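Asks: just coords:
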Ligand code: SAM
């Protein structure tokens, strides 16, 4: 096949995905492996049209509160892994968290995302107390949790306390690949079971994966896309893998913005009504990463609402952005940047149409 034939094949697959929202595994592999800049441009045009059809030019914002960086897990890629003795650990009190929410509400946030490591200090009792306090004080806001793998009962108690949404990236569908990124105590099957449990309980569920994680192949990404089709989540968070200097993957190459935005476009075509963030990691590796993500079909941005003094401590990867336009206080500047590309930040809970 000539390069031209290959490009035509990929473009035809992009059209097929747009039309049918379904590809076979081998087609996913081709669409990813054989991509070209021209095919990517075609993809982004279609993805933008689909996104505008469902969500107009609105961008939803979520206030991210990174409330603990203690973690019992030892994921090989993550800067807050248990074995990183140099991480400066912190946890926010309920009062700190409520203060973040108050500040966020004042700025126009109507969704709060509480994210943290798997920190045993936050028992169901403590976390439910925090969730129900936020629920009582901000009845018009959505509460999203992102605190890793917990039992069915625990997820249910948190839901009953007032949490609406849960983010848990599956990281990678393939068991073997998962095993190369995590210690043996963690398994892809358990993580996926958590996602099914969350769905069953009634959460709006978000999942996702890192792009360019060590040892990842186009086949792995193809399996990730098939899993997304099966789970049909309300949100999908993807971002490039970025090495952290104090992890076993310190010297591994990072993922690229180019492949990340391409995957964003594909996800928009696969799940037209999904909530799709242009993530911090994408903004970290490319100065215009947020804009590129939005122009590839993303419709969510999650600025940081954590207290300024702890932001640098939630270092999942090197050079993670936490100030400037990443910070919730700079919302006006972020708003201007988005206006420049024709999109508007809205004050809204921004529920998924995919319910
Ligand atoms: N503990 C919760 C969990 O496991 O879902 C939430 C916190 S965890 C740090 C949030 C996400 O950060 C992970 O799902 C992972 O995809 C991402 N992450 C961690 N290390 C990263 C790295 N080095 N580069 C890019 N993303 C990373």
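Replies: Thanks, I have it. All figures in this text were calculated on a predicted structure; none of them were measured in a lab. Residues are numbered from 1 along each chain as shown.
Asks: average pLDDT for stretch 49-63?
Replies: With pLDDT averaged residue by residue, stretch 49-63 scores 97.
Asks: quick one: stretch 197-206 to chain centroid distance?
Replies: 16 Å (C-alpha atoms, centre = their mean, to the nearest Å).
Asks: mind listing the strands for the stretch 251-355 of the chain?
Replies: Taking DSSP state E, counting those that start in this stretch, the strands of the stretch 251-355 of the chain run over residues 300-301, 344-346.
Asks: Deepest in the core, which of those strands is it.
Replies: strand 300-301 (a mean of 26; mean count of other C-beta atoms under 10 Å). Quick note: C-beta positions are derived from backbone N, CA and C, even for glycine.
Asks: returning to that earlier point: between the strands of the stretch 251-355 of the chain, which gets nearest to the ligand?
Replies: Closest approach to the ligand among those is made by strand 300-301 (15.3 Å; C-beta to the nearest ligand atom).
Asks: before we move on, the earlier item: will you turn the strands of the stretch 251-355 of the chain into CSV that also has mean pLDDT and distance to the ligand?
Replies: Compiled in CSV, the strands of the stretch 251-355 of the chain are given as follows (pLDDT from 0 to 100; distance: least, C-beta to the nearest ligand atom, whole Å):
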stretch, mean pLDDT, distance to the ligand
strand 300-301, 96, 15
strand 344-346, 95, 23
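Asks: Between those strands, which one is closest to residue 51.
Replies: strand 300-301 (10.9 Å; C-beta to C-beta).
Asks: Next, the residue of the stretch 151-300 of the chain at minimum distance from the ligand: secondary structure please.
Replies: Per C-beta to the nearest ligand atom, residue 169 is where the stretch 151-300 of the chain lies closest to the ligand, at 3.8 Å. Reduced to three states with DSSP: H, G, I helix; E, B strand; the rest coil, the structure at residue 169 is coil.
Asks: who touches it in this structure?
Replies: Counting by C-beta atoms under 8 Å, 6 or more residues apart in numbering, residue 169 touches 206-210, 237.
Asks: list the buried ones in the helix or strand harbouring residue 50?
Replies: Using DSSP states H and E, residue 50 sits in helix 37-55. By neighbour count on 16 or more other C-beta atoms under 10 Å, the buried set for helix 37-55 is 39-40, 42-44, 46-48, 50-51, 55.
Asks: Just put those residues in JSON lines and tack on distance to residue 310.
Replies: Shown next, in JSON lines, are those (distance: C-beta to C-beta, whole Å):
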{"residue": "39", "distance to residue 310": "42"}
{"residue": "40", "distance to residue 310": "38"}
{"residue": "42", "distance to residue 310": "43"}
{"residue": "43", "distance to residue 310": "38"}
{"residue": "44", "distance to residue 310": "36"}
{"residue": "46", "distance to residue 310": "41"}
{"residue": "47", "distance to residue 310": "35"}
{"residue": "48", "distance to residue 310": "36"}
{"residue": "50", "distance to residue 310": "38"}
{"residue": "51", "distance to residue 310": "34"}
{"residue": "55", "distance to residue 310": "32"}
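Asks: now the helices for the chain?
Replies: Secondary structure of the chain (DSSP state H): helices at 3-20, 25-33, 37-55, 94-107, 124-137, 152-161, 175-181, 188-201, 218-231, 257-270, 280-285, 289-295, 308-311, 331-340.
Asks: Which one, of these, ends up nearest to residue 317?
Replies: Closest of these to residue 317 is helix 280-285, at 6.9 Å (criterion: C-beta to C-beta).
Asks: from the chain's centre, how far out does the closest one sit?
Replies: Worked out by C-alpha atoms, centre = their mean, helix 280-285 lies 11 Å from the chain centre.
Asks: so what does that helix touch, helix or strand wise?
Replies: Helix 280-285 sits against strand 235-240, helix 257-270, helix 289-295, with contacts defined as 3 or more C-beta pairs under 8 Å, 6 or more residues apart in numbering; DSSP states H and E.
Asks: at 10 Å instead, please
Replies: If contacts are counted by 3 or more C-beta pairs under 10 Å, 6 or more residues apart in numbering; DSSP states H and E, helix 280-285 sits against strand 204-211, strand 235-240, helix 257-270, helix 289-295.
Asks: Make JSON lines out of these and add mean neighbour count and distance to the ligand.
Replies: Conversion of the helices and strands packed on helix 280-285 to JSON lines gives the following (neighbours: other C-beta atoms under 10 Å; distance: least, C-beta to the nearest ligand atom, whole Å):
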{"stretch": "strand 204-211", "mean neighbour count": "25", "distance to the ligand": "5"}
{"stretch": "strand 235-240", "mean neighbour count": "26", "distance to the ligand": "6"}
{"stretch": "helix 257-270", "mean neighbour count": "24", "distance to the ligand": "10"}
{"stretch": "helix 289-295", "mean neighbour count": "23", "distance to the ligand": "13"}
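Asks: name the helices or strands packed onto the helix holding residue 50?
Replies: helix 3-20, helix 257-270, helix 289-295.
Asks: still on that earlier bit, quick one: which of the buried residues of helix 37-55 is nearest residue 318?
Replies: Closest to residue 318, out of all of the buried residues of helix 37-55 and judged by C-beta to C-beta, is residue 40, at 27.0 Å.
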